[in-house]
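Participant: Generate coordinates for the sequence data below:
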Amino acid sequence: MTTIKKIGIIGAGQMGSGIAQVCAQAGYDVVLSDISEAVLEKALANIGKNYDRQIQKGKLEEQAKAAALGRITTGTDLSVFGDADLVIEAATENEALKRDLLKKLVPHLKPEALIATNTSSISITRLAAATDRPAKFMGMHFMNPVPVMQLVELIRGIATDEPTFNAIKELTLAIGKTAAVAEDFPAFIVNRILLPMINEAVYTLYEGVGGVEAIDTALKLGANHPMGPLELADFIGLDTCLAVMQVLYEGLADSKYRPCPLLVKYVEAGWIGKKYGRGFYDYSQTPPVPTR
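Facilitator: Prediction:
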């Protein structure tokens, strides 16, 4: 079985930086890559702040923070992954983009290196076909926010071999996560269940059954959800929600997965959630105010 000591991560956004944080904290050497130095600097700053929060809560020592940050290096070129044992792709949820990245990545890897994708919905088998090593490729879907959420979905492609699966499962446990094994169907387990619920909440808003606040309150108090579905959609990113629904709709050819037109309209308007300041809530105000 492949021994994983050094982990490469493509994409230094919310997911990529979170994966880097937990892997470095668990003792792995990490190389984090993005096309922008500014994004990488921001990612490192956010990782440092997250470690500081753990220190304040008594969950981490200052020395451990320094050691973890010391294990993270960065770069803007895919050549930084030359000595990585595993590279985790954590780019935007867009199949064409991911396939293009993977094709450009493989010439830089050593022959025995494994590749995992953090996709939340796209076919593992199709993404693996963009590489020179489908047997050493699989899905490793972390939940958001990575440092907080316990689950990682593990998804084999049709060609994934057993040593690759075992190595990734062992890594998942070593970084303190719980593995749930899913088959390679559109959106896997979590998003196959979660995103249609969110989409239905958007339909409920679209059809005038209830307003944003009423819908979120109803699910929080009536179904004991910690966040309402529209608040959660803003947290995930409406663009990501739409992308997953499109994968479900196209992959399963069932009208029950048709993305709500209001969701499409919000994404087209650039109202894609919390990190962009507006979605179903307006985040320019404190506390955030429903937009409908």
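
Participant: Contact partners for residue 291?
Facilitator: 212, 271, 278-282 (Cβ atoms under 8 Å, 6 or more residues apart in numbering). Every residue, glycine included, has its C-beta placed from N, CA and C.

Participant: Narrow the residues you listed to those in strands?
Facilitator: 281-282 (DSSP state E).

Participant: If you count neighbours, what's buried in the longest helix seen in the chain?
Facilitator: For the chain, the helix with the greatest residue count under DSSP state H is helix 37-56. For helix 37-56, burial by neighbour count (16 or more other Cβ atoms under 10 Å) applies to 39-40, 43-44, 47, 50-51, 54.

Participant: thinking again about what came up before, considering the contacts of residue 291, which possesses the most neighbours?
Facilitator: Compared across those, residue 280 has the highest neighbour count, 30 neighbours, by other Cβ atoms under 10 Å.

Participant: residues near the residue nearest to it when sequence neighbours are not counted, how many?
Facilitator: In space, and not counting its chain neighbours, residue 280 is closest to residue 230: 4.1 Å by Cβ to Cβ, 6 or more residues apart in numbering. Per other Cβ under 10 Å, the neighbour tally for residue 230 reads 26.

Participant: Phi first, then psi, for residue 230.
Facilitator: Per-residue torsions, residue 230: phi -80, psi -40 (degrees, to the nearest 10).

Participant: Just to check, it is in contact with residue 214?
Facilitator: No - counting by Cβ atoms under 8 Å, residue 230 sits too far from residue 214 to count as a contact (10.1 Å).

Participant: so what sits against both of those two?
Facilitator: By Cβ under 8 Å, 6+ apart, no residue touches both residue 230 and residue 214.

Participant: on that earlier part again, from the contacts of residue 291, pick the one nearest residue 5.
Facilitator: Closest to residue 5 out of the contacts of residue 291 is residue 279 (40.0 Å), distances taken as Cβ to Cβ.

Participant: This structure - how does it break down into domains?
Facilitator: Using the TED database, the domains assigned to the chain come out as 6-183, 189-290.

Participant: need those domains in CSV with mean pLDDT, can you?
Facilitator: As requested, the domains of the chain are exported to CSV (pLDDT from 0 to 100):
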stretch, mean pLDDT
domain 6-183, 97
domain 189-290, 97
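
Participant: from the middle of its chain, how far away would stretch 89-100 be?
Facilitator: Mean-position distance between stretch 89-100 and its chain equals 11 Å (Cα atoms, centre = their mean, to the nearest Å).

Participant: do the same with stretch 228-248
Facilitator: With Cα atoms, centre = their mean as the basis, the mean position of stretch 228-248 lies at 12 Å from the chain mean.

Participant: If you count neighbours, what's buried in that stretch?
Facilitator: Judged by neighbour count using 16+ other Cβ under 10 Å, the buried positions of stretch 228-248 are 228-234, 236-248.

Participant: What pairs with the helix or strand encompassing residue 9, parallel or antiparallel?
Facilitator: According to DSSP states H and E, residue 9 maps onto strand 6-10. Note on strand 6-10: by DSSP bridges, its sheet partners are strand 29-33 (parallel), strand 86-89 (parallel).

Participant: among those, which is the most enclosed?
Facilitator: Mean neighbour count (mean count of other Cβ atoms under 10 Å) peaks for strand 86-89 among the strands paired with strand 6-10, with a mean of 25.

Participant: For residue 179, give me its contacts.
Facilitator: Counting by Cβ under 8 Å, 6+ apart, residue 179 has contacts 151-154, 169, 172-173.

Participant: could you redo the last one with a cut-off of 10 Å?
Facilitator: Applying Cβ atoms under 10 Å, 6 or more residues apart in numbering, we find residue 179 in contact with 140, 151-154, 168-173.
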